[in-house]
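# A predicted structure for the sequence below; I have some questions about it.
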Amino acid sequence: MPKQDWTGATSTDGFNDANWTLNHPVSGHGATIDTVTPNPTVVSAPGAQAALLFVGLSGTGTLTILNGGTVNFNAVSVALFAGSNSPSIEIVLAD
């Protein structure tokens, strides 16, 4: 299974391919969000997908879902390993 890692290199946009080591994750791919520097991950539109989603696998990862954004996944793990540093998933229902 291909796996994309969040880099946040250009923005907070979870759909921007340049923010991931490969392209943004799609159904059948794994995704790891393990950093908030230089930019944390934000999904603000429907349709984000990943088969397996790891937030804060061994570092600090933050996923914010807002403005009607959706993330569909088969399995999610938050702070899987002891070295994780305050990872979180934040869902904002309204601005």
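Sure thing, it's come through. All figures in this text were calculated on a predicted structure; none of them were measured in a lab.
# my read: residue 67 touches residue 46, true?
No - using Cβ atoms under 8 Å, residue 67 is not in contact with residue 46, being 9.8 Å away. In this view, the C-beta of every residue, glycine as well, is placed from N, C-alpha and C.
# show me what the lowest-mean-pLDDT helix or strand in the chain is packed up against.
Least confident helix or strand of the chain, by mean pLDDT, DSSP states H and E, is strand 88-91 with a mean of 74. Using 3 or more Cβ pairs under 8 Å, 6 or more residues apart in numbering; DSSP states H and E, the elements in contact with strand 88-91 are strand 62-65, strand 71-78.
# ranking those by burial, who's on top?
For these, the largest average neighbour count (mean count of other Cβ atoms under 10 Å) is found in strand 62-65, namely a mean of 20.
# for that one, packing partners?
Partner elements for strand 62-65 (3+ Cβ pairs under 8 Å, 6+ apart): strand 41-43, strand 48-55, strand 88-91.
# how close does residue 5 get to residue 22?
8 Å (Cβ to Cβ, to the nearest Å).
# of these two, which one has the most company?
The residue with more neighbours, out of residue 5 and residue 22, is residue 5; 16 against 12, by other Cβ atoms under 10 Å.
# centre-most residue in this structure?
Centroid-nearest residue in the chain, with Cα atoms, centre = their mean: residue 33, separated by 4.5 Å.
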